[in-house]
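In: Give the three-dimensional model of this entry:
(chains A, B and C)
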Amino acid sequence: MPLALLLSRIRLPPAAMPSTRSASSARLVRASRADANPVVREVKRESSVSFDISKPESPSVKRKRVKRELEENGEHPVKQVVPDIEDFRYDKTKALTSSIKVEKKARVSAVIKVGAPENWEAVLRGIKNMRLSGQAPVDTKGCEKAGSLLPPKERRFAVLISTMMSSQTKDEVTHAAVERLSENGLLDPDAIVRTDEAMLANLIKPVGFYQRKAQFIKEASKICLERFGGDIPDSLNELLALRGVGPKMAHLVMSIAWKNTQGICVDTHVHRISNRLGWVFREGTKQKTTTPEQTRMYLEKWLPKDEWEPINPLLVGFGQTICTPLRPKCDMCGITNLCPSAFKESSSPNPKQKKTRPP
DNA sequence: TTCCGGGTAC
DNA sequence: GTACCCGGAA
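Out: So this is what the prediction gives:
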């Protein structure tokens, strides 16, 4: 996965710590950004995507969505053995946090102690060893990260843009797209805003979903300019407020652009492998988690924080080489003695069963 | 040739 | 749940 590559590649100086911004002023600016230019509107019309171009997601709508997601995943009781992770995750928007908490229903029943899985350290050691011997694509397909030579602010912007482009896209392709942007002087929010969206899409074309991403990147650039002085948002919530940036991207950007890891970056590999290892469960059950967000929240309950950032590139590389989505190579795996799923998924999956969930 | 993964928006 | 997009696997 490209994201982990970014993680492993980008080394920022211990730059400025995030500063707190006024949520209300941010809201004002954001509310006034419906003045999409004609070009953007045209492109949007041609798109088959059916969303209302006159109403970009408002802050309140976004907040509702974030809240809904939190509640979906927060179906666990409020009382936990570890401190409520929300306490520090959304500390930049106290109002939001408190409203979430107010609406969060405490269910005192079914409180189960969430401890670290047995042998997790041995498992982690074993995976690290495997990662030392066999080089995963995530490690070796290293072309130099674009933006690495830029000053901190420009580099952060490059990180955001490359991250937004990286999903569903191979490392090399993402890198090539970043290079193309760089060659055209487009690793700059002002330049992007002044660039025709179709042209931008064309430049990044090999990346997956390039049209939507071009659109989202333009929007994000505009917000960076208008609200953050051309810098990128420095809090999780403000990153999440950018269209095209979900939890995974937001946590990744916080980690690598701001050196401020606020949560685990859970991609498909981390999600899948955590479940295979029996590291995460849906709250109050012993069932697998169904979404990366559930996985993230459960993992964060027991995984020591200094492992939060390295766990992503570690499991991504492991997932690329050995613990693959289909037919995991258990015979090549060094931790089968510790893995509850070892040799259980080796045959071709039954397509009929594929989409069924555990009850 | 068909199908699927992958993160997000809707 | 589907759409987005494309490479690569089945």
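In: so where is the stretch 251-359 of chain A shaky, pLDDT-wise?
Out: A:346-359 (pLDDT under 70).
In: Looking at it, which residue is nearest DNA strand B?
Out: Proximity to DNA strand B, evaluated over the stretch 251-359 of chain A using C-beta to the nearest atom of the strand, is greatest for residue A:267 at 2.8 Å. Just so you know, the C-beta spots here come from the backbone N, C-alpha and C atoms, and that holds for glycine as well.
In: same deal with chain A?
Out: Closest point on chain A to DNA strand B, by C-beta to the nearest atom of the strand, is residue A:246, at 2.3 Å.
In: phi, psi of the closest residue to that residue other than its chain neighbours?
Out: Counting by C-beta to C-beta, 6 or more residues apart in numbering, the nearest residue to residue A:246 once its immediate chain neighbours are dropped is residue A:240, at 7.2 Å. Note on residue A:240: backbone dihedrals following degrees, to the nearest 10 are phi -60, psi -20.
In: Residue A:240 and residue A:253 touch, don't they?
Out: No - counting by C-beta atoms under 8 Å, residue A:240 stays clear of residue A:253, with 10.1 Å between them.
In: And these two? Which one has more around it.
Out: residue A:253 (27 against 21; other C-beta atoms under 10 Å).
In: Tell me the spacing between that one and DNA strand C.
Out: As for residue A:253, its distance to DNA strand C is 20 Å (criterion: C-beta to the nearest atom of the strand, to the nearest Å).
In: Point out where the stretch 101-250 of chain A drops to low pLDDT.
Out: Residue ranges of the stretch 101-250 of chain A with pLDDT under 70: A:101-114, A:133-135, A:137-147.
In: now the helices for it?
Out: A:120-133, A:137-140, A:152-166, A:171-183, A:189-193, A:197-203, A:210-228, A:236-240, A:247-258 (DSSP state H, counting those that start in this stretch).
In: got the buried residues for the longest one?
Out: Judged by neighbour count (16 or more other C-beta atoms under 10 Å), helix A:210-228 contains these buried residues: A:210-211, A:213-228.
In: and it with DNA strand C, contact?
Out: Yes - part of helix A:210-228 sits close enough to DNA strand C to count as contact by C-beta under 7 Å from any atom of the strand, namely A:210-212.
In: Any chance of TSV for these, columns distance to residue A:280?
Out: Shown next, in TSV, are these (distance: C-beta to C-beta, whole Å):
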residue	distance to residue A:280
A:210	33
A:211	34
A:212	30
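In: Could you restrict these to the ones contacting DNA strand B?
Out: Applying C-beta under 7 Å from any atom of the strand, the subset of the residues of helix A:210-228 next to DNA strand C adjacent to DNA strand B comprises residue A:212.
In: Which of the residues of helix A:210-228 next to DNA strand C sits closest to DNA strand C?
Out: If you rank the residues of helix A:210-228 next to DNA strand C by distance to DNA strand C using C-beta to the nearest atom of the strand, residue A:211 comes first, at 3.1 Å.
In: how about the nearest residue to the closest one once chain neighbours are set aside, what does it touch?
Out: With C-beta to C-beta, 6+ apart as the measure, residue A:201 is the residue that lies nearest to residue A:211, at 5.0 Å, once sequence neighbours are left out. Going by C-beta atoms under 8 Å, 6 or more residues apart in numbering, residue A:201 touches A:43, A:210-211, A:213-215.
In: for residue A:342, same thing?
Out: A:330, A:333, A:336.
In: Quick check: the second one touching residue A:130?
Out: Going back to what we said before, that points to residue A:333. Yes - contact status for residue A:333 versus residue A:130: in contact at 7.0 Å, counting by C-beta under 8 Å.
In: what do these two both touch?
Out: Between them, residue A:333 and residue A:130 share the contacting residues residue A:322, judged by C-beta under 8 Å, 6+ apart.
In: if I look at residue A:237, how far off is residue A:250?
Out: 8 Å (C-beta to C-beta, to the nearest Å).
In: One more: residue A:271?
Out: Remark: distance between residue A:271 and residue A:250 (C-beta to C-beta) = 16 Å.
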